[in-house]
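> quick check, what structure comes out for this input:
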Amino acid sequence: MKNGVLSDIFFNVVPANTGDRIYGVVDLMAVQICFGIAAWFFLVGSLTGLAVKASEAVPIVLFGNCFPLFLVAPMAVIFARYGVEQWQGSAAVLGHKFKDLWLIMYISSSFGWIAYSAFLFGESAIKFVAFFNGPAFLSSEVPGAIVFAFIATVIGAYVAFLGPNVLRWFTRMTALFLMLVLFYFIYLILTKYGVHQIYSMSPAKPMATLAWSRASAIEWNVGLGFSWAFWFGQWTRLAKNEKAAFHGCLWGWGVLACSAGIFSAFTALTLKVYDPSEWILTLGSPVVAIIGLAMFALANIGSITCLVYPMAITYRSRFPKTKWTTTIIICSVFALLLENPVVFEHYGVYLAYIALLTGTYSGIMMADYAVIGRGRWAWSIRQIYNRQSGYTYWKGINPAALIATVAAAGFYLWTLEPLKWTSANGLFPYITAGIPSFFIAFMVYAVLMKFWIMKTLEPPLAGVKCRT
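Next comes the predicted model:
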């Protein structure tokens with residue numbers, strides 16, 4: 001019976017009680033390290049190193065990732081407090097139907113993260129095959145990298161299928177290996193080229209002006225920094241306490257994971273190459289190359305696993321009758337369509353759209369936490385699971401959240417159009433788009449909730465007065 005109950009808790013059929021939670025601060029940091037030290041930090045560091053000098057790349061990577069994370073880290077506490085899955089709990093803020101729309105955006109946008117991790121695994125694998133003079137079709141980008149990307153997706157999805165207990169031990173061991181190897185490569189590049197030489201080098205692919213290079217690099221990193229707002233609750237609902245949830249996320253996805261971005265910025269600056277898997281072959285001996293390629297492979301398998309599991313938890317929270325195997329397949333198979341060189345080369349565009357989505361969403365959630373709930377919150381868990389009469393707002397949509405979403409997203413696209421990388425209002429590159437959009441969503445939602453929604457809607461129609 002206990003195993004059945006724990007299974008329901010782990011797979012989000014019911015909220016997690018305090019005694020059922022298995023993740024301490026070390027476990028959450030391990031998840032975050034495995035999550036972050038992979039394609040995403042390596043590639044964003046690479047883009048940064050190709051656009052700006054080292055003296056600017058370091059503060060840009062740190063600020064672009066850590067400041068947005070600092071703004072949204074309290075979200076980790078929210079879901080640790082209630083033990084509910086993130087998107088299930090978001091219904092209390094967004095309304096059940098508007099939450100469903102955000103859930104679709106979360107799931108569909110997340111296939112890109114899987115694709116980048118899987119394809120970088122593929123790029124590492126084909127170089128490993130070529131290193132040992134393997135068959136040509138498996139050592140070329142097409143079809144070799146695509147084939148290996150598919151394999152990585154399947155492996156990562158299978159580990160996710162095994163559930164959080166297996167994930168906890170997998171991420172612990174993987175995180176330790178990743179940190180050791182990463183710090184060794186940081187030492188290797190610093191001793192091989194020297195800090196003075198690295199800082200004297202010019203970027204290989206700067207933009208038309210220095211201002212555009214700086215602003216673009218900041219925006220890429222801000223996109224990654226805000227992106228974690230989509231992922232907090234699926235993990236921290238199983239955190240042992242709120243302190244572990246907050247610090248595990250803040251440090252794991254912050255300074256520790258940023259070390260990978262700084263390393264990749266330095267390496268891209270010195271080697272003038274975007275693809276991180278190519279760096280390893282030029283940094284040391286054959287043994288070093290093998291260890292480095294193994295690091296990339298393991299890091300990206302770990303990332304895929306840490307993506308598919310929370311996506312599946314979210315999907316199953318909305319469709320609880322779906323079998324776990326079916327859910328895992330749904331949350332991984334569509335990524336295969338994106339695992340190709342064209343998508344791989346447009347990571348900066350993807351990060352901009354992620355900044356738009358996650359900056360807007362986190363601005364709304366943090367306004368509800370800081371202004372409406374004043375950090376104390378009193379959600380009704382019963383109404384969170386009640387789609388018929390709980391948190392319905394207006395026809396299942398919170399008008400304040402809807403208007404804040406339109407205002408923030410509209411400002412973002414007016415300031416930076418990601419596909420063409422142009423600014424209609426001319427504010428970019430004098431300001432970036434992601435951080436201002438966060439504050440616009442924050443302010444619009446807070447004002448509308450305070451002076452409109454909370455004064456007109458009664459619980460359980462809205463549920464907001466339950467929070468006082």
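
> Tyr445 against Leu402, yeah?
No: assessed by Cβ atoms under 8 Å, Tyr445 is found out of contact with Leu402, at 9.7 Å. (Glycine included, C-beta is placed from N, CA and C.)

> show me which of the two is the more surrounded one.
Tyr445 (30 against 19; other Cβ atoms under 10 Å).

> residues contacting that one?
Gly363, Ile364, Ala367, Asp368, Ala400, Ala401, Ile403, Ala404 (Cβ atoms under 8 Å, 6 or more residues apart in numbering).

> next SSE downstream of the helix or strand that it is a member of?
Here Tyr445 sits within helix 434-448, counting by DSSP states H and E. Beyond helix 434-448 on the C-terminal side, the first helix or strand identified by DSSP H and E is helix 454-456.

> so which bits of the helix holding Tyr445 are buried?
434-446, 448 (16 or more other Cβ atoms under 10 Å).

> quick check, nearest of these to Pro59?
Proximity of these to Pro59 was ranked by Cβ to Cβ; the top entry is Ile435 with 14.9 Å.

> hang on, the closest one packs against Gly225?
No: counting by Cβ under 8 Å, Gly225 is not a contact partner of Ile435; they are 9.2 Å apart.

> chain center to the lengthiest helix in the chain, what's the gap?
If you go by DSSP state H, the chain has its longest helix at helix 96-131. Offset of helix 96-131 from its chain centre (Cα atoms, centre = their mean, to the nearest Å): 10 Å.

> how about it, which residues are buried there?
96-100, 102-103, 105-107, 109-130.

> ditto for stretch 54-74
Quick answer for stretch 54-74 (16+ other Cβ under 10 Å): 54, 56-58, 60-69, 71-74.

> from those residues, which land in helices?
Using DSSP H, the buried residues of stretch 54-74 in helices are 54, 56-58, 60-69, 71-72.

> I'd like to know which of those residues is nearest to Trp87.
For these, the residue nearest Trp87 by Cβ to Cβ is Val72; the value is 15.3 Å.

> mind listing what that closest one touches?
Val72 neighbours (Cβ under 8 Å, 6+ apart): Phe226, Trp228, Ala229, Phe232, Ser362, Met365, Met366.

> quick one: pLDDT of the nearest residue to Trp228 once chain neighbours are set aside?
Leaving out its chain neighbours, the residue that sits closest to Trp228 by Cβ to Cβ, 6 or more residues apart in numbering is Trp253, at 5.0 Å. For Trp253, the model assigns a pLDDT of 71.

> and Phe137, by the same measure?
For Phe137, pLDDT reads 89.

> same question for Ala378.
65.

> pretty sure Trp42 sits against Asp275.
Just so we're on the same page, residue 42 is Phe rather than Trp. No: contact criterion Cβ under 8 Å: Phe42 and Asp275 do not qualify, at 9.4 Å.

> between the two, point out the one with more neighbours.
Set Phe42 next to Asp275 and count neighbours by other Cβ under 10 Å: Phe42 wins out with 28 against 20.

> got the CA positions of the strand or helix carrying the more buried one in CSV?
For Phe42, the host element (DSSP H and E) is helix 39-51. Extracted C-alpha coordinates of helix 39-51, given in CSV (Å, rounded to 0.1, in the frame of the first residue of the first chain):
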residue,chain,number,x,y,z
ALA,A,39,24.2,22.0,-24.1
TRP,A,40,22.6,25.1,-22.7
PHE,A,41,25.4,26.7,-20.7
PHE,A,42,28.1,25.4,-23.2
LEU,A,43,26.2,26.9,-26.1
VAL,A,44,25.2,30.2,-24.5
GLY,A,45,28.8,30.7,-23.3
SER,A,46,30.0,29.9,-26.9
LEU,A,47,27.6,32.5,-28.4
THR,A,48,28.9,35.0,-25.8
GLY,A,49,32.5,34.3,-26.5
LEU,A,50,32.0,34.8,-30.2
ALA,A,51,30.4,38.2,-29.7
